[in-house]
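**Student:** I need the structure of the sequence given here:
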Amino acid sequence: MTDQHPITPPQWQVDAWCKQALAMGADVDTVFLEAVRWGSDQELEACCEWAAQFNYDDYRYQDELQSLRRPNPPSLKKQALGALYAIATGADDTREFHQDIETIKTALESLPD
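**Tutor:** Next up is the predicted model:
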């Protein structure tokens, strides 16, 4: 592939993801997720570089764009509340139920005695 699109991961990166997934016993979905994250990170960086040409001395817009497009994950408290709501409303299947129980357990264990 000589005319590869810039958002396409290099072959060494794809090989590394596959090797990592096999070593961890991960499924194909994990590899796809890593590829999507990598591609979206490349796009975000390109957008930040484009925005930089208009604001040479002010990186505020780049930082703002980064924080809007890559927000911090929800706190453990918010995750536990969401899990509790899902359990209370019966929105879970068996696998999700066990994950939600683990989330609530982790949140409770993090509380001081």
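
**Student:** pLDDT (mean, whole number) over stretch 47-65?
**Tutor:** Summarised as a single mean, pLDDT over stretch 47-65 is 74.

**Student:** can you dump the C-alpha atoms of that stretch in PDB for me?
**Tutor:** Output of stretch 47-65 as PDB, limited to C-alpha atoms (Å, rounded to 0.1, in the frame of the first residue of the first chain):
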ATOM      1  CA  CYS A  47      -7.600  19.300  13.900                       C
ATOM      2  CA  CYS A  48      -5.500  20.800  16.700                       C
ATOM      3  CA  GLU A  49      -2.600  21.400  14.300                       C
ATOM      4  CA  TRP A  50      -5.100  23.000  11.900                       C
ATOM      5  CA  ALA A  51      -6.400  25.200  14.600                       C
ATOM      6  CA  ALA A  52      -2.900  26.200  15.700                       C
ATOM      7  CA  GLN A  53      -2.300  28.100  12.400                       C
ATOM      8  CA  PHE A  54      -4.900  30.700  13.500                       C
ATOM      9  CA  ASN A  55      -3.700  31.100  17.000                       C
ATOM     10  CA  TYR A  56       0.100  31.100  17.100                       C
ATOM     11  CA  ASP A  57       0.400  32.400  20.700                       C
ATOM     12  CA  ASP A  58      -2.800  31.000  22.200                       C
ATOM     13  CA  TYR A  59      -3.100  27.300  22.800                       C
ATOM     14  CA  ARG A  60      -6.400  27.700  24.700                       C
ATOM     15  CA  TYR A  61      -8.400  26.600  21.700                       C
ATOM     16  CA  GLN A  62      -6.400  23.500  21.200                       C
ATOM     17  CA  ASP A  63      -6.700  22.600  24.900                       C
ATOM     18  CA  GLU A  64     -10.400  23.300  24.800                       C
ATOM     19  CA  LEU A  65     -10.800  21.100  21.700                       C
END
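
**Student:** which of the residues in that stretch are buried?
**Tutor:** Residues of stretch 47-65 classed as buried by neighbour count (16 or more other CB atoms under 10 Å): 48, 62. In this view, the C-beta of every residue, glycine as well, is placed from N, C-alpha and C.

**Student:** surely residue 86 touches residue 96?
**Tutor:** Yes. With contacts defined as CB atoms under 8 Å, residue 86 counts as touching residue 96 at a distance of 6.9 Å.
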